[in-house]
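> Just need the structure, nothing else, for what follows:
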Amino acid sequence: MRYILFVLVFGGCVSTNVQAQPTADSLEALFSSSRKSVPLAFGMSAIVPGAGQAYNRSWVKAAVAVAGEATVLLLYRSWRQKGTDGRDAYQMEAHAHWSPVRYASWLNDYMQYLNHLPGGQPVTAAPIEISPLLSGINLANPDTWSQSEQLAIRSLIQEIRRVEGVVYNGNTGAAFSHVLPFFGEQQYYELIGKYFQYAPGWDDYVALTRDGRVTWIGENGEFIPSIEPETGESGDTKTHVSPRFYRYADSHADANTYLRRASRITTLLIANHVIAAVDAAIFARLHNRRVQVSLGLLNDMQGRTYIAPRLSFILDQ
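Now for the predicted structure:
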């Protein structure tokens, strides 16, 4: 239900000495000065949340929108920085302590182990060829690699992938579940700290028998399954998976957690812009509905009729 709260008549409509009557131009000027631009209010808050609210003179809403924007930006910056710092740290650790050359050597030994394992399936693949050039590559600093060194590492990983496709777990008979991604890929850094298959590539990986010897063949020719990368006991042996493997896995997980948080919070950033823009547009439109200028026919005290502006504040109930 609409109530007209008051009527403002220009030119002294209640006076008997009216000298000038309002024109259409004056009515349009009054309406134009009172209304708000809905597109402008929307666009201002879409770009800077709170700007449209300030344009509408809705100061509390403007403060809330600005505070929300600042909070989201601070959280994004903090989490993104922690994530990227953590990513840089775990990549440096991988370069310094995980070696595809070491892992390739282990795979060559592992194929021999499988070929001598009683009841095992023979692995007929050729051993991985480890180029002498690889021994001189500084794995801890890949930024210094020459093009030939980069090609040597890529060729080595291709050889590793070939062998990973044919070897299997000597205890369970299951095929290896993954192949090594190429150096520098995101999955490269993830897999080497996620699956025990890659534990032998870490520089602190050891497989010890009870007498302290690193061997897969006992004194009497029996095969010792301690070569398996999984942690656990088997007969008289126990495999000690690299402690660095677990520390690296935790560091990798922590960094990715912060990066995921930063990525997800950007949706709140977008939502804040959209909500503020829609709110500013709606408020501007409601303002224009509340303040309307209309033309009406009014009678003065002497019974004369003329056109006069009527400024109506309309409230919906």
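> Please enumerate the helices of the protein.
24-34, 38-47, 51-55, 59-97, 100-115, 147-164, 186-191, 243-290 (DSSP state H).
> which one of the ones you listed is the most hemmed in?
Highest mean neighbour count of the helices of the chain: helix 51-55, a mean of 23 (counted as mean count of other Cβ atoms under 10 Å). In this view, the C-beta of every residue, glycine as well, is placed from N, C-alpha and C.
> residues contacting Ala174?
Ala174 sits next to Tyr168 when contact means Cβ atoms under 8 Å, 6 or more residues apart in numbering.
> ignore the last one, Gly68
By Cβ under 8 Å, 6+ apart, the residues touching Gly68 are 49, 272.
> give me that answer again for 10 Å
By Cβ atoms under 10 Å, 6 or more residues apart in numbering, Gly68 lies in contact with 49-50, 268-269, 271-273, 275-276.
> Greatest separation within those residues: which pair is it?
Gly50 and Leu268 (15.3 Å; Cβ to Cβ).
> Need the mean per-residue confidence for stretch 203-220.
In this model, stretch 203-220 has a mean pLDDT of 58.
> With stretch 264-280 instead?
91.
> same thing with stretch 67-77?
The pLDDT scores in stretch 67-77 average 93.
> And stretch 86-94, by the same measure?
Averaged over stretch 86-94, pLDDT sits at 95.
> Quick one: residues in contact with it.
Under Cβ under 10 Å, 6+ apart, the answer for stretch 86-94 is 139-142, 183-184, 186, 188-190, 192-193, 201-202, 244, 247-259.
> next one: stretch 137-156
With Cβ under 10 Å, 6+ apart as the criterion, stretch 137-156 contacts 91-104, 128-134, 136, 180, 182-184.
> Ends of that stretch, what's the gap?
With Cα to Cα, to the nearest Å as the measure, stretch 137-156 spans 12 Å from end to end.
> Repeat that for stretch 41-53.
Using Cα to Cα, the end-to-end distance of stretch 41-53 comes out at 7 Å.
> What of stretch 161-177?
OK, stretch 161-177 end separation, Cα to Cα: 11 Å.
> buried sites along that stretch?
163-164, 167, 169-170, 176 (16 or more other Cβ atoms under 10 Å).
> Low-confidence regions, this protein specifically.
Flagging of the chain using pLDDT under 70 yields the residue ranges 1-33, 206-241, 291-317.
> ok, 80 please
The model of the chain has pLDDT under 80 over residues 1-34, 113, 116-120, 170-172, 206-242, 290-317.
> The helices of the chain: which one's closest to Gln121?
helix 100-115 (7.4 Å).
> what packs against that closest one?
In terms of contacts (3 or more Cβ pairs under 10 Å, 6 or more residues apart in numbering; DSSP states H and E), helix 100-115 is packed against helix 147-164.
> Could you figure out how far the helix it packs on is turned away from helix 100-115?
20 degrees (axes from the mean of the first three to the mean of the last three Cα atoms, to 10 degrees).
> Turn the buried residues of stretch 161-177 into a markdown table, including distance to Thr124.
Formatted as a markdown table, the buried residues of stretch 161-177 follow (distance: Cβ to Cβ, whole Å):
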| residue | distance to Thr124 |
| --- | --- |
| Val163 | 11 |
| Glu164 | 15 |
| Val167 | 11 |
| Asn169 | 18 |
| Gly170 | 16 |
| Phe176 | 16 |
